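A.B. asks: Coordinates for the following, if possible.
(2 chains)
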Amino acid sequence: DGGITQSPKYLFRKEGQNVTLSCEQNLNHDAMYWYRQDPGQGLRLIYYSQIVNDFQKGDIAEGYSVSREKKESFPLTVTSAQKNPTAFYLCASSIFRTAEAFFGQGTRLTVV
Amino acid sequence: EDKVVQSPLSLVVHEGDTVTLNCSYEVTNFRSLLWYKQEKKAPTFLFMLTSSGIEKKSGRLSSILDKKELFSILNITATQTGDSAVYLCAVGVMIKAAGNKLTFGGGTRVLVKP
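C.D. replies: Below you'll find the predicted structure:
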């Protein structure tokens, strides 16, 4: 089945620790995105990548880092520099010239 | 800075009612406007609109875009409890090398009571 897989679904970490969220897609999509969603709010763009080995900061990139070494994979690292990391993180992908994005099931990160 | 605003923030209706959700935007390099439904986790795609005045329909849901006034509406007729969700509006903007990125509004939470 084609789709986007995010892992893990739930993640607990202690304050000050870096944590990496996984996102893999087998849709052969060029573009991949990371969004953050806080309770009762919409999605805010963290990072996006249009092609392998290239990525751009979104609106709230501070405290996050990404890599795009393979077309299928776009991991997100939440670093200790992120002041309020507890949130729901969504990964998405799309065909390069199309805005329609498909989403993974999300990772809920809780930092204690 | 690109901005997408949805209204109302939330609403409660009874089964059979009709709801109208609003989305206004201010962006540069507009390419498309999209509606998503989010029930628990992953938003699921509903519509993509690129042309003004052309209504898109899918069952009881319909949507239209006005590129002159910079807004879109999403209508749900004969609502059912399964329509309870957060509805997200997103605007696709063109970025370098003809790529896209989506800017989302804050969402409208719809609760349909039996």
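A.B. asks: For the rest of this, base every contact and every neighbour count on C-alpha atoms.
C.D. replies: Will do.
A.B. asks: Spell out which parts of chain A neighbour chain B.
C.D. replies: Taking C-alpha under 8 Å from any C-alpha of the partner chain as the contact definition, chain A meets chain B at A:40-45, A:48, A:50, A:90, A:96-106.
A.B. asks: which of the residues you listed are buried?
C.D. replies: By neighbour count, with 16 or more other C-alpha atoms under 10 Å in any protein chain shown, those hold A:41-45, A:48, A:50, A:90, A:96-106 as buried.
A.B. asks: now, which of those residues lie within strands?
C.D. replies: Cross-referencing those against strands under DSSP state E gives A:43-45, A:48, A:50, A:90, A:102-103.
A.B. asks: Nearest to residue B:108, out of the residues you listed: which one, please.
C.D. replies: In terms of C-alpha to C-alpha, no member of those lies closer to residue B:108 than residue A:43, at 12.4 Å.
A.B. asks: Check whether the closest one really touches residue B:105, as I assumed.
C.D. replies: Yes - using C-alpha atoms under 8 Å, residue A:43 is in contact with residue B:105, at 7.3 Å.
A.B. asks: which of the residues in stretch A:56-73 are buried?
C.D. replies: Neighbour-count burial for stretch A:56-73, counted by 16+ other C-alpha under 10 Å, picks out A:58, A:61, A:63-68, A:71-73.
A.B. asks: For that stretch, which outside residues touch it?
C.D. replies: For stretch A:56-73, contacts defined as C-alpha atoms under 8 Å, 6 or more residues apart in numbering or on different chains pick out A:22-26, A:28-30, A:44-49, A:51-55, A:74-83.
A.B. asks: let's see it at 7 Å
C.D. replies: Residues from elsewhere that reach stretch A:56-73, judged by C-alpha atoms under 7 Å, 6 or more residues apart in numbering or on different chains: A:23-26, A:30, A:44-49, A:52-54, A:74-82.
A.B. asks: Out of the residues you listed, which sit inside strands?
C.D. replies: A:23-25, A:44-49, A:54, A:76-78.
A.B. asks: Pull up the distance across stretch B:64-76, start to finish.
C.D. replies: From its first residue to its last, stretch B:64-76 covers 12 Å (C-alpha to C-alpha, to the nearest Å).
A.B. asks: Flag every buried residue along that stretch.
C.D. replies: Neighbour-count burial for stretch B:64-76 flags B:64-67, B:71-76 (criterion: 16+ other C-alpha under 10 Å).
A.B. asks: Identify the residue nearest the residue in chain B that chain A sits nearest to in space, chain neighbours excluded?
C.D. replies: Of all residues in chain B, residue B:106 sits closest to chain A, at 3.8 Å by C-alpha to the nearest C-alpha. Leaving aside its sequence neighbours, residue B:106 sits nearest to residue A:42 (C-alpha to C-alpha, 6 or more residues apart in numbering or on different chains; 3.8 Å).
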